[in-house]
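Trainee: sequence below, structure please.
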Amino acid sequence: MKVLKKANTVFDRFISVSAFLAAILIVFVLLSVCLEVVLRYFFNRPQIWVIETAEYSLLFMTFLGAAWVLKNEGHVKVDVVLGQLEPKTQALINIVTSIIGAIVCLILAWYTGQITLDHIQRGVYTTQVLEIRKGYILAVIPVGSFLLFIQFLRRTRNYLMDRSMSRDKTKGT
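Mentor: Numbers count the residues shown, from 1 in each chain. Below is the predicted model:
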């Protein structure tokens, strides 16, 4: 049990650091796009790297922050529908959707991991202004998907534990 608690702590720290990196990227994109607007319209000096780095940053911030957002229950839910259901039904729906989310993320991590490795092995470069190895850009997708997979599993476990605890309380009364 101690090992699991330690692993949870390490994982929580890892996704917090990932979310912090995503936040830094948001600030970077904000500042670079503002700089681009000023340089383009006031000094007639557009920067060719801004749009491409903003595109890559959007990819990175999405996959770096997704597991942290899920941990904090920040993903989109249909609260209008869930709010009308009984707590037992809500718990069951949360368990089922978490399992489905975990399966989808595992498939995504596996498939994109294969593609990423292929791009790295073949040495594929991007064909835009910045010539970057495409595999290094794509690597965030399987990593972020795997983190999201783990978080969905943790979420499923938490819902199952909550459900069993509530069942035990109703048996005791």
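
Trainee: quick one: the strands in the chain, in order.
Mentor: Applying DSSP state E to the chain gives no strands.

Trainee: which of the helices and strands in it ranks last by mean pLDDT?
Mentor: Ranking every helix and strand in the chain by mean pLDDT, DSSP states H and E puts helix 79-82 at the bottom, with a mean of 76.

Trainee: need the residue closest to the centroid of this protein.
Mentor: In the chain, the C-alpha nearest the mean C-alpha coordinate belongs to residue 66, at 2.1 Å (C-alpha atoms, centre = their mean).

Trainee: touching the least confident helix or strand of the chain from outside, list them.
Mentor: Contact with helix 79-82 is made by 90, 93, as judged by C-beta atoms under 8 Å, 6 or more residues apart in numbering. No exception for glycine: its C-beta is placed from N, CA and C like everyone else's.

Trainee: show me the shaky parts of this structure.
Mentor: Scanning the chain for pLDDT under 70 picks out 164-173.

Trainee: what about the helices in it?
Mentor: Per DSSP state H, the chain carries helices over the ranges 2-43, 50-71, 79-82, 87-122, 134-138, 140-172.

Trainee: among the ones you listed, which is nearest residue 128?
Mentor: helix 50-71 (5.2 Å; C-beta to C-beta).

Trainee: any idea how far the residue lying closest to the residue nearest to the centre of the chain once chain neighbours are set aside is from residue 111?
Mentor: Counting by C-beta to C-beta, 6 or more residues apart in numbering, residue 66 lies nearest to residue 148, which is 5.0 Å off, once chain neighbours are set aside. Residue 148 sits 14 Å away from residue 111, going by C-beta to C-beta, to the nearest Å.

Trainee: adding distance to residue 128, write the helices of the chain out as TSV.
Mentor: Shown next, in TSV, are the helices of the chain (distance: least, C-beta to C-beta, whole Å):
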stretch	distance to residue 128
helix 2-43	16
helix 50-71	5
helix 79-82	40
helix 87-122	15
helix 134-138	10
helix 140-172	17
